[in-house]
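Peer 1: the following comprises the amino acid sequence and a computationally predicted model.
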Amino acid sequence: MVKGPGRGLPLALMGAQRAPAQEAASLPGGFGVAVVREDGKWRCTPLRRGALNSLTVAETELRELRSAGAVFGLLDVDEEFFVIVRPAPAGTRLLLLDATAALDYDIAAEVLDKLDSDIDDEDLEDEDPFEEGDLGVLADIGLPAGVLGVIIADDEMEIDEQIAAIAERMGFDSELSSVLDKLGR
């Protein structure tokens, strides 16, 4: 049996151990935060990094929170765009800040598929960034579609600033800041 250097492990096992590290390295940067409103109070918790690469992972993780109140996720993907994910019994409501990101990011393509968007890659290549999905995704819990539309239309704001503006407008900015501080953001 061939052993790995200094570990006494077979080389085949070392490769298997490296796979999660290599997979983590291929995940996009950014952050994901679950936001819960229960009994009139906001709570924010970080999502696993895998949620930045897969809508299915993000939806599953948000559903596992099992709250009687409102639950949604804010995903800052590579500081390039964000996604709002709001699972519900009737289906997940979504807002993708930049549909053209589907050309480069799996999660953005997955969002467009879930929204049943009839947008071809060729069409996306020639477009300026545009949002796709439900601007009213947070309207019933304090962020009217018009206000969200103004926030995402502000080209001067960075992605994290837009997310902070959403949090401030809805009243969970200190909870979000606390989570981002723990994440080193």
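Peer 2: Ah, there it is. Residues are numbered from 1 along each chain as shown.
Peer 1: quick one, phi/psi of the residue nearest to the spatial centre of the chain?
Peer 2: With distances taken as C-alpha atoms, centre = their mean, residue 75 lies nearest the centre of the chain, 2.1 Å away. Main-chain torsions, residue 75, degrees, to the nearest 10: phi -120, psi 120.
Peer 1: with residue 127 instead?
Peer 2: phi -100, psi 150.
Peer 1: so it makes contact with residue 100?
Peer 2: Yes: counting by C-beta atoms under 8 Å, residue 127 does reach residue 100; the two are 5.5 Å apart. Backbone N, C-alpha and C define where each C-beta goes, glycine included.
Peer 1: among the two, which residue is more densely surrounded?
Peer 2: Comparing residue 127 with residue 100 by other C-beta atoms under 10 Å, the one with more neighbours is residue 100, at 22 against 12.
Peer 1: related to what we said a few turns ago, and the residue nearest to the centre of the chain, how far from residue 140?
Peer 2: According to C-beta to C-beta, to the nearest Å, residue 75 and residue 140 sit 20 Å apart.
Peer 1: over to residue 51?
Peer 2: Taking C-beta to C-beta, one finds residue 51 at 23 Å from residue 140.
Peer 1: more crowded one of those two?
Peer 2: residue 51 (28 against 10).
Peer 1: tell me if I'm right that that one and residue 63 touch.
Peer 2: No: the pair residue 51 / residue 63 is not scored as a contact, 11.9 Å apart, by C-beta under 8 Å.
Peer 1: which residues in the protein form helices?
Peer 2: For the chain, the helices defined by DSSP state H cover 11-26, 55-63, 106-114, 121-125, 145-153, 159-170, 173-182.
Peer 1: so where's this protein shaky on pLDDT?
Peer 2: 1-26, 121, 123 (pLDDT under 70).
Peer 1: ok, 50 please
Peer 2: 1-23 (pLDDT under 50).
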